[in-house]
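Trainee: Okay, here's the prediction I keep looking at, along with the sequence it came from:
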Amino acid sequence: MPVISTNTAANSALRYLNINSDNQATSVSKIASGSRITKASDDAAGLAVGTSLQSDVTVLKQAATNAAHGSSILQTADGGMSRISDIVQRMRSLATQSQSGSVTDTERGYLDAEFQQLLEEVDGIASGTRFNDDPLLDGTGDWSTGVDFRVGTETTDKITVTIANVNATGLGINGLDIGTSTTAESTLTALDTAVESLSTARADVGALISRFEFRGEVLDTSIENTEAAQSAIMDVDVAEEQTNLAATKVLTQAAIAVLSQANSMPEQLLSLLR
């Protein structure tokens, strides 16, 4: 029924104009942000899950960095152990030479001079092999008692790194000499034990490096899969949202046109009174 005091048609057109305008603004916001959920009311459950997954991705990326750091530290330690091993082998050679009957005590003194320098160098390498200014090989840092690396999303996801003390004292060769044939014999026995200790220490380090490398690969896979799950929940489907935007534009324009016509209807009714 046509009336003048209440423009029901205009009110209805205005209501739909507001709805279509809000929908258009929502589509623009989603496309501009790249996110399907721009406010909690879009998908409260999806927002909660997506936020949790994003948090997991952040932790996993840091865990992957931790694993890489752990591997780097161990490779540094292995490099130092390798040089110490070379030195101990040279010391064994000198001790063996000192036991030869063709060598005089004077020449044994020369051999022992080199031996003592090499003994000091073992300690020098052990104390000088550092990571973040923390000694790795001389037993004075935290590495001899064990350092934990967080490599996952849970507190239990950790790898404990313990590095053996391989300075002269740790290897049991401190204070040795090869100045005589007798001392050279006992020194050679101690050096043989030191070689075994070094081999064991390097094997432990190598095993930990391998573990860190495998854990790093697992973390990379977990990051990829978690990011994919998070994307499926949170990221906007641009093609779909662009279609929605086009539709809401048409509806908004139609509502504006209808509202304009509805507002002119009372004037047209007043012409009946003339």
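Mentor: Everything's here; your move. Residues are numbered from 1 along each chain as shown.

Trainee: neighbours around the nearest residue to Ala77 once chain neighbours are set aside, how many?
Mentor: In this structure, Ala77 finds its nearest non-sequential neighbour in Leu136, 4.6 Å apart by CB to CB, 6 or more residues apart in numbering. Using the backbone N, CA and C atoms, a C-beta is placed for each residue, glycine as well. By other CB atoms under 10 Å, the residues close to Leu136 number 30.

Trainee: Tell me who's in contact with Leu136.
Mentor: Taking CB atoms under 8 Å, 6 or more residues apart in numbering as the criterion, Leu136 is in contact with Ile73, Thr76, Ala77, Gly80, Thr129, Arg130, Trp143, Ile163.

Trainee: hang on, the last one packs against Pro135?
Mentor: No - shown here, Ile163 and Pro135 do not form a contact pair, counting by CB atoms under 8 Å, at 9.6 Å.

Trainee: list residues touching both of these two?
Mentor: Counting by CB under 8 Å, 6+ apart, the residues touching both Ile163 and Pro135 are Trp143.

Trainee: picking that back up, do you know how far the residue nearest to Ala77 is from Asn167?
Mentor: 11 Å (CB to CB, to the nearest Å).

Trainee: Ala239 now?
Mentor: Taking CB to CB, one finds Ala239 at 65 Å from Asn167.

Trainee: that older thread, who has more neighbours, Ile163 and Pro135?
Mentor: Counted by other CB under 10 Å, Ile163 and Pro135 do not tie: Ile163 has more neighbours, with 30 against 21.

Trainee: Which residue comes closest to the more buried one once chain neighbours are left out?
Mentor: Trp143 (4.1 Å).

Trainee: Number of residues surrounding that neighbour?
Mentor: 22.

Trainee: and it, what does it touch?
Mentor: Ala77, Asp134, Pro135, Leu136, Val161, Thr162, Ile163.

Trainee: could those residues go into TSV alongside secondary structure?
Mentor: TSV is the format used below for the contacts of Trp143 (DSSP: H, G, I helix; E, B strand; the rest coil):
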residue	secondary structure
Ala77	helix
Asp134	strand
Pro135	strand
Leu136	coil
Val161	strand
Thr162	coil
Ile163	coil
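
Trainee: Could you dump the residues you listed into TSV with pLDDT and distance to Ser199 added?
Mentor: Converted to TSV, the contacts of Trp143 look like this (pLDDT from 0 to 100; distance: CB to CB, whole Å):
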residue	pLDDT	distance to Ser199
Ala77	96	14
Asp134	90	24
Pro135	93	21
Leu136	95	18
Val161	96	19
Thr162	95	17
Ile163	96	15
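
Trainee: Which one of these is nearest to Ser231?
Mentor: Val161 (34.4 Å; CB to CB).

Trainee: Hmm, the closest one is touching Leu74, no?
Mentor: Yes - taking contacts as CB under 8 Å, Val161 lies within contact range of Leu74: 6.8 Å.

Trainee: any residues in contact with both of those two?
Mentor: In contact with both Val161 and Leu74: Leu208, using CB under 8 Å, 6+ apart.

Trainee: Tell me the pLDDT of Ser21.
Mentor: According to the prediction, Ser21 has pLDDT 75.
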